[in-house]
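1. Okay, here's the prediction I keep looking at, along with the sequence it came from:
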Amino acid sequence: MCHITILANDYGFFLLGLPIFFDYYTYHNMDGPYIGYIPLAGSSKPFLELGTIPTQFLLPIKHNYIVEYGPTLILVALGYAAYYYLLPKFRTQWGDKTWQFYTACAVTVVIIIIVYYVSFNLIVKHFGDDSTTNIPEDPSNI
């Protein structure tokens, strides 16, 4: 069973992973970068052991607005063109409630979806970031 525990504090930071801290006395040194843990008396939790220092660091993801918003702008432009250009042409050619009108509208929607997915893949291919992770290979140049 998973519980979300949120505690109010005046420290200016959030306590994440609080269930891990249960049955441990936790000491937060507010003057330096130090947190200490020791099992409470009667606790079945073991003493913590010193681990290895991480060699990889997570970096913030850089936003690429062309990739994020480009396909949506293309979709909006195609929808605008279809609504204000193609739909009146369909109405004058076939009338409002005929099967040809509904078929033409459905085909237009399918074409817009296909163009959207093709443009999305092309935009990601040409403007997207080739890396699939935000973990640098060499953390020494951070």
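-> Happy to help now that I have it.
2. count of neighbours near residue 90?
-> Residue 90 is flanked by 19 other residues according to other Cβ atoms under 10 Å. Backbone N, C-alpha and C define where each C-beta goes, glycine included.
3. So it is in contact with residue 105, correct?
-> Yes: using Cβ atoms under 8 Å, residue 90 is in contact with residue 105, at 6.6 Å.
4. Sketch out the low-pLDDT regions of the chain for me.
-> 1-9, 11-19, 61, 128-142 (pLDDT under 70).
5. Okay, buried residues for the helix ranked longest in it please.
-> The longest helix of the chain (DSSP state H) is helix 99-127. Buried positions in helix 99-127, judged by neighbour count with 16 or more other Cβ atoms under 10 Å: 101, 104, 108, 112, 116, 119, 120, 123.
6. do stretch 71-84 as well
-> Neighbour-count burial for stretch 71-84 flags 71, 74, 75, 78, 82 (criterion: 16+ other Cβ under 10 Å).
7. Show me this structure divided up by domain.
-> Domain assignment of the chain by automatic domain parsing yields the ranges 1-51, 52-142.
8. can you tell me how far residue 110 sits from residue 40?
-> Counting by Cβ to Cβ, to the nearest Å, the gap between residue 110 and residue 40 amounts to 64 Å.
9. Walking through this structure, point out its helices one by one.
-> According to DSSP H, the helices that the chain contains are 18-21, 65-81, 87-94, 99-127.
10. Those helices: which one's closest to residue 45?
-> helix 18-21 (9.6 Å; Cβ to Cβ).
11. circling back to that earlier point, will you turn the buried residues of helix 99-127 into a markdown table that also has distance to residue 67?
-> Below are these laid out as a markdown table (distance: Cβ to Cβ, whole Å):
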| residue | distance to residue 67 |
| --- | --- |
| 101 | 36 |
| 104 | 32 |
| 108 | 26 |
| 112 | 20 |
| 116 | 14 |
| 119 | 11 |
| 120 | 9 |
| 123 | 6 |
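12. Of all pairs in those residues, which one is the farthest apart?
-> 101 and 123 (32.4 Å).
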